[in-house]
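Structure, please.
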Amino acid sequence: MQDLLLLSKNTPVAKIINGALAPLLPARLPLFLRRTGDAQTWLASRAIDGHRANSRLLKRVLRLEHKDDLTAVLAVNAATITDNYWVKPLSDVSLRYEDVRFRVNLFDDLALTGDVNSFDRPPGRTPELTNTGSFEKCWRLIDGAWWMFKSGKQEELFSELLAGRLGAFLGLPVAEYEPADGFIKSRDFTDNARVDFEPAQGVVGDESDYVKIYEAFRAVDETVAAQYVRMCYFDGLILNMDRHENNFGVLRDSDTGAVLSLAPFYDHNIALVARGYPNREPNDLLITDFAALMRHIGAPLSVRRLTEEDVSALAADIPFTPPATDAVPDPRAFTARYVIRRQTALAARCGALMRYV
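Model prediction:
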């Protein structure tokens, strides 16, 4: 790998020489690099998931000589929509942040749907090469704001949209989701990198234990730790089975490196009924692990109480319908009842440590 300069906007923060990190401004480094110093892994983590079918099409139409993660990332200077970090050859004294920021995306249809009409476009810069995640998706610029469009099955789109509505109803900091012509779209919560989003892996590594993650966030900021507790409650409520260190994180001040807050909760398309209709009473690890976290904290958590009518009303006009079965002829009604059953199970497990208002 060639020697690189890592920058935040136009401020150099580190050199990467023979693959090794040489910090210049440690406080401004990405959190993953502050924790590990592993520059090559950090760069590769910014690449589009190579297992996505449309990822392979995208790399081919862009004429990438190699298909590995590092090649994909360096083709766009490791720039992303959601933070201000990027790299350039150490010998390059002319390239500036304004030259690498994304202002258009001509490969959105190819990334989202594999659109055959996009396959004859000439190669160009696109944020899709650093658009991570395992589902087919794309970035689109609408009225000056970036929106993430995501595809999926009816039950996945229904579940993600309802999860977003439930979170907003409960007063939680959730990402903004809307239906969009057979897809769902989510507004870029960094407001075009006005702040930096960084995955939780930068703070907690590959850890999955709620208590250990909570304590790691406490070492960063008590408010962020408290927000993490609310996210764990929400995951338990909606059966979000896919929370991991790369689909939640923190927002940082891009000029100082200060951690500002936990990022809005997002990525709930493997929640609720996205993977079928649960036929057992709720007593899974999302509930038991949250109860263990609450016992560790030892202080009560106050949350708004949902009713079945609340959930039904939020689901009523969602333009996606999970498939009906003989056992579940009305998926919306089933989902409303199931959310309330999970709310009841969380209360039972946590006892006096849960306060509903």
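
quick one: the strands in this structure?
Secondary structure of the chain by DSSP state E: the strands cover 4-8, 11-17, 20-23, 85-89, 137-142, 145-150, 177-180, 183-187, 196-199, 249-252, 259-262, 301-303, 354-356.

Distance to Thr71 and mean pLDDT added to these, as JSON lines?
The C-beta positions use only the backbone N, C-alpha and C, and glycine is treated the same way. Output for these, formatted as JSON lines (distance: least, CB to CB, whole Å; pLDDT from 0 to 100):
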{"stretch": "strand 4-8", "distance to Thr71": "14", "mean pLDDT": "98"}
{"stretch": "strand 11-17", "distance to Thr71": "15", "mean pLDDT": "98"}
{"stretch": "strand 20-23", "distance to Thr71": "20", "mean pLDDT": "98"}
{"stretch": "strand 85-89", "distance to Thr71": "13", "mean pLDDT": "98"}
{"stretch": "strand 137-142", "distance to Thr71": "20", "mean pLDDT": "97"}
{"stretch": "strand 145-150", "distance to Thr71": "24", "mean pLDDT": "98"}
{"stretch": "strand 177-180", "distance to Thr71": "31", "mean pLDDT": "97"}
{"stretch": "strand 183-187", "distance to Thr71": "28", "mean pLDDT": "97"}
{"stretch": "strand 196-199", "distance to Thr71": "21", "mean pLDDT": "98"}
{"stretch": "strand 249-252", "distance to Thr71": "25", "mean pLDDT": "98"}
{"stretch": "strand 259-262", "distance to Thr71": "32", "mean pLDDT": "98"}
{"stretch": "strand 301-303", "distance to Thr71": "46", "mean pLDDT": "98"}
{"stretch": "strand 354-356", "distance to Thr71": "49", "mean pLDDT": "96"}
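
Now render those as a markdown table, adding distance to Ala315.
Converted to a markdown table, the strands of the chain look like this (distance: least, CB to CB, whole Å):
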| stretch | distance to Ala315 |
| --- | --- |
| strand 4-8 | 42 |
| strand 11-17 | 45 |
| strand 20-23 | 48 |
| strand 85-89 | 39 |
| strand 137-142 | 23 |
| strand 145-150 | 19 |
| strand 177-180 | 13 |
| strand 183-187 | 14 |
| strand 196-199 | 29 |
| strand 249-252 | 28 |
| strand 259-262 | 26 |
| strand 301-303 | 19 |
| strand 354-356 | 21 |
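
Make CSV out of these and add mean neighbour count.
Shown next, in CSV, are the strands of the chain (neighbours: other CB atoms under 10 Å):
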stretch, mean neighbour count
strand 4-8, 23
strand 11-17, 18
strand 20-23, 14
strand 85-89, 23
strand 137-142, 20
strand 145-150, 19
strand 177-180, 17
strand 183-187, 20
strand 196-199, 22
strand 249-252, 23
strand 259-262, 18
strand 301-303, 15
strand 354-356, 15
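
Leu110 is nearest to which of these?
In terms of CB to CB, the element of the strands of the chain nearest to Leu110 is strand 137-142, at 8.1 Å.

Against which helices or strands is the closest one packed?
Secondary-structure packing of strand 137-142 (3 or more CB pairs under 8 Å, 6 or more residues apart in numbering; DSSP states H and E): helix 108-113, strand 145-150.

Show residues contacting it.
If you take CB atoms under 8 Å, 6 or more residues apart in numbering as the criterion, strand 137-142 is touched by 81, 102-105, 107-109, 111-112, 127-128, 131, 146-151, 185, 188.

May I see the PyMOL selection of the buried members of these?
To isolate the buried ones among those in PyMOL, judged by 16 or more other CB atoms under 10 Å, type:
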select buried, resi 81+102+105+107+108+109+111+112+127+128+131+146+147+148+149+150+151+185+188
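
pLDDT averaged over stretch 66-80 - what is it?
Across stretch 66-80, the average pLDDT comes to 95.

Tell me which of the strands of the chain lies nearest to Arg56.
Arg56 lies closest, by CB to CB, to one member of the strands of the chain: strand 137-142, at 14.9 Å.

gap between the two ends of stretch 173-183?
The first and last residues of stretch 173-183 sit 22 Å apart, counting by CA to CA, to the nearest Å.

related to what we said a few turns ago, make a markdown table from the helices and strands packed on strand 137-142 and add distance to Leu251 to it.
Listed next are the helices and strands packed on strand 137-142 as a markdown table, based on distance: least, CB to CB, whole Å:
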| stretch | distance to Leu251 |
| --- | --- |
| helix 108-113 | 25 |
| strand 145-150 | 16 |
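
Out of the ones you listed, which gets nearest to Lys88?
For those, the distance to Lys88 is smallest for strand 145-150, at 22.5 Å, taking CB to CB.

any idea how the chain splits into domains?
Using automatic domain parsing, the domains assigned to the chain come out as 4-90+100-151, 196-356.

Format those as CSV; extra columns: distance to Glu160.
Below are the domains of the chain laid out as CSV (distance: least, CB to CB, whole Å):
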stretch, distance to Glu160
domain 4-90+100-151, 8
domain 196-356, 4
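
Can you check the pLDDT for Asp120?
What the model reports for Asp120 is a pLDDT of 84.

neighbours around it, how many?
Applying other CB atoms under 10 Å, we find 7 residues neighbouring Asp120.

for the helices and strands packed on strand 137-142, which one sits closest to Ala163?
Nearest of the helices and strands packed on strand 137-142 (CB to CB): strand 145-150, 12.9 Å.
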